[in-house]
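K.L.:
predicted model and sequence below, questions to follow.
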Amino acid sequence: MPTGPDEESIRSVNDLTAHWARLAVGPGEGRGTVFSAAAVWPLLALLAAGADGPARAELRAVLNLPGAADAAGQGRRMVEVLRAADGVDAAVGLWTRRDIPIRPAWEARLPDGVRGELTGDPERDGRALDAWAAGHTDGAIPSMPVPTGPDLAMALAGALLVRTRWTVPFSEGRLTPETGPWRGRRLAGLYRSGGDQDAVRVAPDTPAGPLTVAEIRGDNGLDVHLLLAAEGVSGADVLAAGPGVLTGDHATVPGSALPYGNPGPGVTVADETGWDDRPVLVTSTARFTVRAEHDLLERPGVFGLRTAVDRSTGHFPGISPVPLAVSSARQNTVAAFTARGFEAAAVTAFGMVRASGVPMRRSRRVTACFERPYGFLAVHRGSGLILAAGWVAEPDEAPDRSW
C-alpha cells in the first residue's frame, strides 16, 4: 500500500468500527449484520473539510482530527490507500443540481471519481445513482441508499468492494451444532485442517471476557478474523472488543501454547492417536451471507452529524455558497464467507438539501468451532485497517441433498 493515512487515522477508523458495533448488533447475541466504518470515514472527512462551526467540530471530533489536520487530504489518502490494496476497490461520486455551485477548492481535493448532475426527477436520478452503486460493487449493492427527489441538492457517495480467496480453502459439508442457538439445525458447514496452530489465539481478558480469534488468511493480503466469546455474551461486546485484540491492546495466547482442555470459547486441546505426529489445527464454521441497511442519522452523534442535520442554517460553506444541511446518511452492506473466500461490499451515501429560509439563486456547476453466533473482521494485513465487520446470527442452511 502507498503512503497514506497515518496510524492515528487508521486507529480512528478502527475505533469507529468498535463504537458502531455496540449499536449495530443490538442486545444479547444480537441480529446478523455487517457494516463498514472504512467506507464511511473518508466521506465524513470530506464533509468536515467543507464544514464550519459546531458541525465542523463534531465531525473532526469523531474523526479524531486535531484542528490543524487536513481533513480533505486524510479522506482522499484513505480512498487512495483502499484503491491501491490488492482485493479492494473503492470509489467516490459527487452529484449536484445545476443551481448548487461547488467551491472549486473543495472539489479539487476530492478523490478522482464520478462528477454527475441531479435533475430533480426521482426516477431519472435514481436510475443513474443505482447504476453507479451496482457498477462499483459488481452488482452486490444494486441501489444507492439515498432518497431522490426535487429537494435533493447534492449527493456524496462512496463504494467499497473487498474480495479475497483463502490460501487454504475449506471443504463443504453439513454442520449440525449440538449446543447453543443453532442446536439441531442442518447448516452449510465449512471444514479445514492445517499445521499452523497459531492461526487460532485466545485473548483471556477482554471487555467481552475470554475471546477466541481465528485468522483465515487470504491470498492477496486480506484476512478475516472470526471472533467467538462465551455463550450468552453480547455480540455488540464481542465486535467492540475485537479491534483491540487485533492491535495488541489485549494479550493473546497462540494455539501452540494453549493448555490442554478447553482453554477458550469453542476451543479444545487434546492428544489423539494416528499415523502422523505433526500438530494440527482443525477449524469448522458455517457458511454465511449477511446483508444490512444502516441509517446513520438514527444516531447522528456517533458520526458527528448532530448539528449537520439542522436545516435552519447551512453548515458547509467550504463546499458551496448555498447553505446546505445533511438530509440523509445511509449505508447498504453485504458480506459472504464461503469455502473458497470472502467478499464484502458497501455503498454509503450522504444526501444534502438547501437549508430552510435560503433565497433561491440560480447558478450552473486448533479445533476452533464457530458453531453459534460469532463476529468477524476483514482486515488489511499490512496496515491493520479494518475494512468490514459483522455478526453472524443466521448462517446459511445446508442444501437439500445428501453429503
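P.N.:
Right, received. Where do you want to start?

K.L.:
how many residues are close by the spatially closest residue to residue 182 that is not a sequence neighbour?
P.N.:
Residue nearest to residue 182 in three dimensions, not counting chain neighbours: residue 372, with 5.6 Å by Cβ to Cβ, 6 or more residues apart in numbering. Bear in mind the C-beta positions are built from the backbone N, C-alpha and C, glycine included. Neighbours of residue 372 under the rule other Cβ atoms under 10 Å: 22.

K.L.:
and what of the one 3 residues further on?
P.N.:
Burial of residue 375, expressed as a neighbour count using other Cβ under 10 Å, amounts to 29.

K.L.:
beta partners of it?
P.N.:
residue 227, residue 391 (DSSP bridges).

K.L.:
as a quick check, tell me the outermost residue of the protein.
P.N.:
residue 275 (43.7 Å; Cα atoms, centre = their mean).

K.L.:
one step back: is the residue nearest to residue 182 in contact with residue 180, as I believe?
P.N.:
Yes - between residue 372 and residue 180 there is a contact under Cβ atoms under 8 Å: 3.4 Å.

K.L.:
now for the two: what residues contact both?
P.N.:
When Cβ atoms under 8 Å, 6 or more residues apart in numbering defines a contact, the residues bordering residue 372 and residue 180 alike are residue 231.

K.L.:
tell me the contacts of the residue nearest to residue 182?
P.N.:
When contacts are counted by Cβ under 8 Å, 6+ apart, residue 372 touches 29, 177, 179-182, 228, 231.

K.L.:
burial check on the closest residue to residue 381 other than its chain neighbours, number of neighbours?
P.N.:
What sits nearest to residue 381 in space, not counting adjacent residues and going by Cβ to Cβ, 6+ apart, is residue 221, at 4.8 Å. Residue 221: 17 surrounding residues under other Cβ under 10 Å.

K.L.:
would you map out the domains in this protein?
P.N.:
According to automatic domain parsing, the chain comprises the domains 7-164+289-354, 165-287+367-392.

K.L.:
JSON lines please, covering these and showing mean pLDDT and distance to residue 398.
P.N.:
As requested, the domains of the chain are arranged in JSON lines below (pLDDT from 0 to 100; distance: least, Cβ to Cβ, whole Å):
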{"stretch": "domain 7-164+289-354", "mean pLDDT": "93", "distance to residue 398": "13"}
{"stretch": "domain 165-287+367-392", "mean pLDDT": "92", "distance to residue 398": "4"}
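
K.L.:
SS state for residue 158?
P.N.:
Counting by DSSP: H, G, I helix; E, B strand; the rest coil, the backbone at residue 158 sits in strand.

K.L.:
now it: how far from residue 90?
P.N.:
7 Å (Cβ to Cβ, to the nearest Å).

K.L.:
kindly report the same for residue 100.
P.N.:
With Cβ to Cβ as the criterion, residue 100 and residue 90 are 25 Å apart.

K.L.:
next: residue 326.
P.N.:
According to Cβ to Cβ, residue 326 and residue 90 sit 22 Å apart.
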